[in-house]
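1. my questions concern the predicted model and sequence given below.
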Amino acid sequence: MDSKMLKELNQQIQEETYSSYIYLAMAADLEANGFKGMATWMQVQAREEKIHADIFLNYILERGERVELEAIQKPPVTWESPLAIFQAALDHEKHITGRIDHMVKVARELNDNASLNMLQWFIEEQVEEEANVGEAVQQLEIVGDDGRGKLMIDREMGTRVFSVPASAPYYPKPGQAIGA
């Protein structure tokens with residue numbers, strides 16, 4: 001693998017790990033402010049982002065390359081409101097989409113079809129990620145300061161459950177060892 005592509009993939013492990021970390025911080029703030037359902041939604045999101053980091057890590061290893069983990073910056077502790085949290089999450093997802101697009105460009109420039117193929121899953125995943133967070137922003141904007149509306153959204157978000165996407169590349173299926 002070209003060193004430029006390897007550098008981008010290693011950086012993406014850091015990006016995805018930070019995504020998990022910031023979503024945990026958002027969940028903690030939501031929980032502290034009584035929005036347990038929204039906190040659950042963010043906890044599920046944090047777990048998904050950890051899987052994304054694992055996919056990049058496993059892909060690098062599968063290609064016989066060296067993983068280099070970078071430091072993770074400290075996320076914010078508090079936000080102004082649930083709406084501010086979900087707006088920040090949407091901005092963050094747009095950043096991650098930009099990173100994926102950049103890596104696709106690098107893979108194309110290097111004619112790295114294996115990386116390009118792996119990144120296709122993330123292209124689709126980012127469309128879904130932005131849509132899900134965007135919907136939450138839209139709903140919170142609609143209810144505004146209406147406490148009952150926020151509580152209804154909170155209850156609905158609390159029904160989200162975690163599951164590993166069956167289509168996740170380079171991620172072991174239940175009972176399967178990494179690298180198997």
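-> Looks like it arrived, so ask away.
2. can we go C-alpha only for contacts and neighbour counts from here?
-> Fine.
3. measure residue 84 to residue 64 for me?
-> Counting by Cα to Cα, to the nearest Å, the gap from residue 84 to residue 64 is 42 Å.
4. does residue 119 lie in a helix or a strand, and which?
-> Secondary structure from DSSP states H and E places residue 119 in helix 113-143.
5. and what of residue 53?
-> Judged by DSSP H and E, residue 53 forms part of helix 36-62.
6. now the element after that helix, going C-ward?
-> Next helix or strand after helix 36-62 toward the C-terminus (DSSP H and E): helix 82-109.
7. which positions in that next one come out as buried?
-> By neighbour count on 16 or more other Cα atoms under 10 Å, the buried set for helix 82-109 is 82-83, 85-90, 92-94, 96-97, 99-101, 103-104, 106-107.
8. over to stretch 145-155?
-> Within stretch 145-155, the residues scored as buried using 16+ other Cα under 10 Å are 150, 151, 153, 154, 155.
9. how about those in a markdown table, adding pLDDT and secondary structure?
-> Formatted as a markdown table, the buried residues of stretch 145-155 follow (pLDDT from 0 to 100; DSSP: H, G, I helix; E, B strand; the rest coil):
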| residue | pLDDT | secondary structure |
| --- | --- | --- |
| 150 | 95 | helix |
| 151 | 93 | helix |
| 153 | 96 | helix |
| 154 | 95 | helix |
| 155 | 95 | helix |
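10. list phi and psi for residue 78.
-> Main-chain dihedrals, residue 78, degrees, to the nearest 10: phi -130, psi 160.
11. what count of nearby residues applies to it?
-> Residue 78 has 15 neighbouring residues, counting by other Cα atoms under 10 Å.
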